[in-house]
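Asker: here is a sequence with its predicted model. Questions after.
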Amino acid sequence: MTPEAIERLWNDRVDTHVEIARLSATLRIRLLAACGPVVSHFGFVSPTVISTASVLVDPASTTHLLEELTLNGWVVDDLKGTRLLPRPSVTLRHPDKTCLLNVYYLMPGSRADPEDAFDLLWERRSLLQIGDLTVPSLDRTLVVLLLALALTGQLPGSSRAVNGFEVALVRMKAISTPDEIDDIVTTAWQLHATAALHGLLTAWDREFEHVPLLPERYAMWRLKVGSADRVTRALLAVVEAPRGRRSAVAKASLQHLERFPGPVSVLRSARIVVTAKARLQNATPSDPRGSGWSAAAASLG
């Protein structure tokens with residue numbers, strides 16, 4: 001990519017962050033800027049050229065925001081992704097922009113109740129000057145967590161950086177005080193993100209026991225169903241665990257179930273997990289108060 005193309009991409013990302021921040025303020029929707037200018041503000045350098053502007057939105061307002069974005073010329077580019085489960089974000093493109101827009105309705109790596117998780121992010125928010133506007137954004141601790149996920153290939157569209165994770169760990173630790181590291185670890189625990197951030201916590205000699213039985217509210221949002229029993233939540237924990245951790249999570253999951261599940265229960269839960277994308281309707285990714293809950297979910301009861 002030429003220097004001119006990189007400069008235009010950066011300017012488009014800044015303009016997009018400002019545009020989306022203004023729109024969300026008009027709509028009274030809570031929205032947080034992430035990546036790009038936010039990463040730079042806190043002194044970090046991305047290992048690759050980022051071609052997207054990324055924001056996190058209050059999950060309950062996701063459908064409303066996407067509807068307004070489409071009215072402003074944005075087009076859904078990727079809603080479901082290529083993996084087994086739906087993406088935690090929606091990617092949009094605009095004919096006048098060189099950058100894409102990622103709207104996250106679930107905090108990557110977090111397995112907490114999505115609305116509770118966003119409340120925590122909002123409570124911790126920073127205020128950044130982006131362009132000519134003061135924009136709410138993720139704070140420094142949450143930027144560290146997102147970088148760790150990106151460098152281990154756990155963000156949509158990201159791939160594990162060769163030696164990048166180890167280099168980032170050294171840099172993060174070098175510029176972080178012990179109190180800041182404690183805050184990072186505590187926040188990871190509050191967000192139920194210890195499984196996704198296992199490598200980061202282990203490298204820092206800070207690790208909490210992972211509880212594989214996910215909160216029901218998280219499973220409901222992730223799988224687009226009205227309820228999720230213990231077997232379904234345990235299976236979802238295994239599916240979402242990093243590959244190197246799935247065996248350990250599976251063993252721990254069995255210990256947390258009240259009894260060993262029978263084949264009928266396992267097959268029913270497996271069907272719920274593998275059909276999650278079929279219940280994801282266009283432009284209504286996860287809003288329980290919108291039309292994101294399709295009638296197909298009722299057939300699983």
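Answerer: Cool, the structure landed.
Asker: spatially central residue in the protein, please.
Answerer: Among the residues of the chain, the one closest to the centroid is P108, at 2.2 Å (CA atoms, centre = their mean).
Asker: can you say which helix or strand has that one in it?
Answerer: Here P108, judged by DSSP states H and E, is contained in no helix and no strand.
Asker: next: I184.
Answerer: Secondary structure (DSSP H and E) places I184 in helix 178-190.
Asker: what's the next helix or strand after that helix packed up against?
Answerer: Per DSSP H and E, the first helix or strand lying C-terminal to helix 178-190 is helix 198-203. Applying 3 or more CB pairs under 8 Å, 6 or more residues apart in numbering; DSSP states H and E, one finds that helix 198-203 contacts helix 140-151, helix 164-174, helix 178-190. Backbone N, C-alpha and C define where each C-beta goes, glycine included.
Asker: compare those helices and say which comes out lowest on pLDDT.
Answerer: Among the helices and strands packed on helix 198-203, helix 164-174 has the lowest mean pLDDT, at a mean of 58.
Asker: which residues touch the helix or strand containing D119?
Answerer: Secondary structure assignment for D119, by DSSP H and E: helix 114-123. Here helix 114-123 makes contact (CB atoms under 8 Å, 6 or more residues apart in numbering) with 30, 32, 56, 58-60, 105-107, 110, 112, 136, 138, 142, 187, 190-191, 217-218, 221, 286.
Asker: just give me the longest helix of the protein.
Answerer: helix 3-27 (DSSP state H).
Asker: quick one: buried residues of that helix?
Answerer: Residues of helix 3-27 classed as buried under the neighbour-count rule (16 or more other CB atoms under 10 Å) are 9-10, 12-21, 23-24.
Asker: where does the stretch 1-150 of the chain have low pLDDT?
Answerer: Applying pLDDT under 70 to the stretch 1-150 of the chain flags residues 45-50, 78-82, 150.
Asker: and the longest helix of the chain, how far out from the chain's middle?
Answerer: In terms of CA atoms, centre = their mean, to the nearest Å, the centre of helix 3-27 is set 20 Å apart from its chain centre.
Asker: what does that helix contact?
Answerer: Helix 3-27 has contacts (CB under 8 Å, 6+ apart) with 1, 30-31, 33, 36-37, 49-53, 55, 57, 61, 64-65, 68-69, 72, 94, 97-99, 101, 130-133, 135-136.
Asker: next SSE after the helix holding D119?
Answerer: strand 126-130.
Asker: that next one pairs with which strands, parallel or anti?
Answerer: Looking at strand 126-130 with DSSP bridges, its partner strands are strand 133-137 (antiparallel).
Asker: check which residues of the strand it pairs with are buried.
Answerer: Counting neighbours by 16+ other CB under 10 Å, strand 133-137 gives 135-137 as buried.
Asker: now stretch 229-240
Answerer: 230-240.
Asker: go through those and flag which are in strands.
Answerer: Of the buried residues of stretch 229-240, none are assigned to strands by DSSP state E.
Asker: out of these, who's nearest V266?
Answerer: Nearest to V266 among those, counting by CB to CB, is V231 at 6.5 Å.
Asker: quick revisit: is it possible to mark the buried ones in the contacts of helix 114-123?
Answerer: 30, 32, 56, 58-60, 105-107, 110, 112, 136, 138, 142, 187, 191, 217-218, 221, 286.
Asker: just to revisit the earlier point, including pLDDT, could the buried residues of stretch 229-240 go into JSON lines?
Answerer: As requested, the buried residues of stretch 229-240 are arranged in JSON lines below (pLDDT from 0 to 100):
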{"residue": "R230", "pLDDT": "88"}
{"residue": "V231", "pLDDT": "91"}
{"residue": "T232", "pLDDT": "92"}
{"residue": "R233", "pLDDT": "91"}
{"residue": "A234", "pLDDT": "89"}
{"residue": "L235", "pLDDT": "90"}
{"residue": "L236", "pLDDT": "91"}
{"residue": "A237", "pLDDT": "87"}
{"residue": "V238", "pLDDT": "87"}
{"residue": "V239", "pLDDT": "87"}
{"residue": "E240", "pLDDT": "83"}
